[in-house]
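1. Let's see this in three dimensions:
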Amino acid sequence: MNFTKTVAAAAIILATAAGAFAHSGAKGVVKERMELMKDIARQMKIVGGMVKGEAQFDAGAMSRAALAIASHADEIPQYFPEGSLEAPSEALPVIWKDWDTFLELTDDFQEKAIALSKSAASATDVAAIRPQFLELGKTCSTCHREFRKAD
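-> Numbers count the residues shown, from 1 in each chain. The predicted model follows:
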């Protein structure tokens, strides 16, 4: 369980840190999707901070962050028009070869974020939320592993 937490936390930290540098020079839809992903990382960091005990648990803030993630998840496909690989994009061409899997992952990501938002809204502590957050993080990691250039 500690390994899973570490992997999820590392993925969030790396996505946030790498995102700032990677955006330089981005234009058009590539820049827009990088900004979308950057906001997802910000929202994940809000929830992750509470899950890891680095921030005080706030059910409302966690629920809002998860809802923002769900909203962004719904938007992801529109920011990946076929062939949008202009530097500094980290998208791999396999996205469009395996579009159905890409869409399944974005749908799964959205469903897990909605479930997290609903659970968080009525939670009294972070213990019940932790497994859902880790599952949400695994979905991020799976999509990045399959469809994003490795760092």
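
2. any residues touching the strand or helix carrying D108, and which ones?
-> D108 belongs to helix 99-122 when assigned by DSSP states H and E. With Cβ atoms under 8 Å, 6 or more residues apart in numbering as the test, helix 99-122 has contacts from 47, 59-60, 62-64, 66-67, 69-70, 73-74, 76-77, 80, 95, 128-129, 132-133, 135-136, 139-140, 142-143, 146-147. (C-beta placed from N, C-alpha, C; glycine too.)

3. Same question for stretch 75-94.
-> By Cβ under 8 Å, 6+ apart, the list of residues contacting stretch 75-94 reads 22-30, 32-34, 36, 95-96, 102-103, 106, 109, 146-149.

4. CA atoms only for it, dumped as CSV, please.
-> Output in CSV follows, covering the C-alpha atoms of stretch 75-94 (Å, rounded to 0.1, in the frame of the first residue of the first chain):
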residue,chain,number,x,y,z
GLU,A,75,-12.9,17.9,-22.1
ILE,A,76,-9.7,15.9,-22.7
PRO,A,77,-10.6,14.3,-26.1
GLN,A,78,-11.3,17.7,-27.7
TYR,A,79,-7.8,18.8,-27.0
PHE,A,80,-6.3,15.9,-28.9
PRO,A,81,-7.2,16.4,-32.5
GLU,A,82,-5.5,13.9,-34.7
GLY,A,83,-1.9,14.6,-35.4
SER,A,84,-1.5,17.4,-32.8
LEU,A,85,2.1,16.5,-32.0
GLU,A,86,3.8,19.9,-32.3
ALA,A,87,6.7,20.4,-29.9
PRO,A,88,6.6,20.6,-27.0
SER,A,89,3.8,18.1,-27.0
GLU,A,90,4.4,14.9,-25.1
ALA,A,91,1.5,13.1,-26.8
LEU,A,92,2.4,9.9,-28.6
PRO,A,93,0.9,9.0,-32.1
VAL,A,94,-0.5,5.8,-30.6
